[in-house]
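S.K.: One predicted model, sequence on top.
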There are 2 protein chains.
Amino acid sequence: MTPSIVNASPNASLRYCEIGRCLLRVARVSCNFTHQSVCSIPGFSLRYECQPHEILFRENDPSENLFVLRRGLIKLTTVSIDGHAQIVGLAVPGQLVGFETKSKKARRFTAETVTPVTVCRLRNGDMLRVLKQNPPVAMAVIELVNHELLEAQQFIRMLRKRSAEKRVAWFLLSLASHAAPGATIPLALSRREIAELLGLTVETVSRLMSSFRRSGLIDAPRGGLRIRQAERLQACVNKPERH
Amino acid sequence: MTPSIVNASPNASLRYCEIGRCLLRVARVSCNFTHQSVCSIPGFSLRYECQPHEILFRENDPSENLFVLRRGLIKLTTVSIDGHAQIVGLAVPGQLVGFETKSKKARRFTAETVTPVTVCRLRNGDMLRVLKQNPPVAMAVIELVNHELLEAQQFIRMLRKRSAEKRVAWFLLSLASHAAPGATIPLALSRREIAELLGLTVETVSRLMSSFRRSGLIDAPRGGLRIRQAERLQACVNKPERH
DNA sequence: CGCAGGCTTGACGCTGATCAAGGGCTGTGG
DNA sequence: CCACAGCCCTTGATCAGCGTCAAGCCTGCG
């Protein structure tokens, strides 16, 4: 079955969402901004609850909406020349997904939920209008985008640190960092998806996770993950340098 | 000899710089914004001409200033645990270098010129004030940062495409894309720096550039570079897919 | 002249991709 | 109910790309 598209089937529970609580609170910004000045546009922002494997938007579609991710995990993929899907990144709560300064521009990737997700949907055009009229919101967006840029740069540094072991350890830790320590968290991504994200192969990821499991660093129950010795995993990321 | 620090030795020719021409024109934004509203702060922005190997700021210093790069190339480095410098990225004209939403924050990298460079220097605090008061400038900054984010994501995709040959070909093309086609451009980075940037070793980069030279794809005179057959280089980046 | 540092080239070995086989789980249809 | 197909995951065997080590060349500089 092909996943549903949110734009086409807004069947989930939805209600109007105040940008003050959605965008700004997620961005952890405190500013003297008045709620009404932003939300004067009726239907400005809609809140959705999505199931896993729903498509928020597809590559090459026009960039009509943007989404503020409040809960859950979204994967961003493109299909490469050989017709094979390729993960280009993950979005975590607090991130803007699909924001474009030109709303006519084609999407550069497909956005698909991998866990149950809460998002707020806005029209890119409305967003741009608000940004022009509302400096505090613009500041919040600058902080958000800047923060994403920093994370991308960290990811780049990680990818250059060539060892596969470090990549997998890093990935597991960053997954767990969004959850309570010691808890068993759902491992929403398949081995194949992890491999694509880290630039490895399924076999290598599988071997390394088995190795971590045998060494007692993690538990890997069906579709789940529990970090048992975060320090040793972290040491695995940091210690052995190259060159 | 250690490179000079711009903050400490503003000996280059400098003059006041209008942000309207500096930030906004570089950002290629047209908006109905008045020049005076931004430049009302005396000494708001200073234009510098820098020599190669000058330090704009150092890792861990407080983020006092930001720079708008108008001309030239700047490399961003951190020193890793073993005390060895590691390139984290390059800045090209039009980019903001060292922008922070919290001006107390420590720099996350060192910024050093690699070519003759023209930059505009602003205090981060002044910049934030302007952003709060001047939506068009905020919009321009959002576009700039968003654009950088896109480039970082492209770079990530390139890094995952594992072949060393593709990385080097991609790098040469992206260097040349900022210059006239067919021209001999200065290759400001050493083999070592290229290798660090691409996550390879000096030897591999050297071998591949020799190979490209022998195949007639490029000329590599001392400290220079000329693309002879951009199409074949591009084909080298695109054609052979993995997985 | 001698030394240092950047670049090139060669020989070798390790890491991780590739190829292959098998087990477990799920859904589907007889 | 079972049989079977398909997918995901795991593990093993082999191979090759690139890192590592080493040597030599060239340029610049003291």
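M.R.: Done, it's in.

S.K.: Give me the domain ranges for chain A.
M.R.: A:15-134, A:159-238 (automatic domain parsing).

S.K.: Report whether the first one contacts chain B.
M.R.: Spelled out, it's domain A:15-134. Yes - with CB under 8 Å from any CB of the partner chain as the criterion, chain B is reached by domain A:15-134 at A:80-82, A:84, A:86, A:88-89, A:99-101, A:108, A:128, A:131-134. Any C-beta I mention is one placed from the backbone N, CA and C, and that applies to glycine too.

S.K.: ditto for stretch A:189-207
M.R.: Yes - against chain B, stretch A:189-207 shows contacts by CB under 8 Å from any CB at A:196, A:198-199, A:201.

S.K.: Enumerate the positions of that stretch that are buried.
M.R.: Of all the residues in stretch A:189-207, those buried under the rule 16 or more other CB atoms under 10 Å in any protein chain shown are A:189, A:191, A:193-201, A:204-206.

S.K.: Show me those residues that map onto helices.
M.R.: Judged by DSSP state H, the subset of the buried residues of stretch A:189-207 located in helices is A:191, A:193-198, A:204-206.

S.K.: tell me, which of the residues you listed make contact with DNA strand D?
M.R.: A:191, A:205-206 (CB under 7 Å from any atom of the strand).

S.K.: Identify, from those, the entry nearest to DNA strand C.
M.R.: The shortest approach to DNA strand C among these belongs to A:V205, at 7.9 Å (CB to the nearest atom of the strand).

S.K.: and A:T77, what is it in contact with?
M.R.: A:59, A:85-88, A:109-110, A:112 (CB atoms under 8 Å, 6 or more residues apart in numbering or on different chains).

S.K.: So which of those are in helices?
M.R.: Per DSSP H, the contacts of A:T77 never map to helices.

S.K.: Which single one of those is nearest to A:L73?
M.R.: Checking those against A:L73 with CB to CB, the nearest one is A:E112 at 10.0 Å.

S.K.: now the ones next to DNA strand D among the ones in helices among the buried residues of stretch A:189-207 in a markdown table, with distance to A:N65 and pLDDT?
M.R.: Formatted as a markdown table, these follow (distance: CB to CB, whole Å; pLDDT from 0 to 100):
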| residue | distance to A:N65 | pLDDT |
| --- | --- | --- |
| A:R191 | 32 | 95 |
| A:V205 | 33 | 97 |
| A:S206 | 37 | 97 |
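
S.K.: Can the helix ranked longest in chain A be said to contact DNA strand D?
M.R.: Looking across chain A with DSSP H, the single longest helix is helix A:135-160. No - if you take CB under 7 Å from any atom of the strand as the test, helix A:135-160 misses DNA strand D, and the best it gets is 9.3 Å.

S.K.: Give me the helices and strands touching that helix, please.
M.R.: Helix A:135-160 is packed against strand A:96-97, helix A:124-133, helix A:164-176, strand B:85-91, helix B:124-133, helix B:135-160, with contacts defined by 3 or more CB pairs under 8 Å, 6 or more residues apart in numbering or on different chains; DSSP states H and E.

S.K.: which helices and strands does the shortest one pack with?
M.R.: Packing partners of strand A:96-97 (3+ CB pairs under 8 Å, 6+ apart): strand A:65-71, helix A:135-160.

S.K.: what's the distance between the residue nearest to the spatial centre of chain A and A:Q51?
M.R.: Geometric centre of chain A, nearest residue: A:A91, 0.8 Å, by CA atoms, centre = their mean. From A:A91 across to A:Q51, the span is 16 Å (CB to CB, to the nearest Å).

S.K.: Specify which member of the residues of stretch A:189-207 next to chain B is nearest to chain B.
M.R.: A:G199 (3.4 Å; CB to the nearest CB).

S.K.: ok, and the closest non-adjacent residue to that closest one?
M.R.: Nearest residue to A:G199 in three dimensions, chain neighbours excluded: B:R160, at 3.4 Å (CB to CB, 6 or more residues apart in numbering or on different chains).

S.K.: okay, now the one you found: neighbour count?
M.R.: Neighbour count for B:R160, taken as other CB atoms under 10 Å in any protein chain shown: 17.

S.K.: OK, contacts around it?
M.R.: A:159, A:196, A:198-199.

S.K.: Quick check: A:T201 touching A:A195?
M.R.: Yes - between A:T201 and A:A195 there is a contact under CB atoms under 8 Å: 5.4 Å.

S.K.: which ones are touching the residue lying closest to A:W170 once chain neighbours are set aside?
M.R.: Excluding the flanking residues, the one nearest A:W170 by CB to CB, 6+ apart is A:V237, at 4.9 Å. Contacts for A:V237 (CB under 8 Å, 6+ apart) come out as A:166, A:169-170, A:173.
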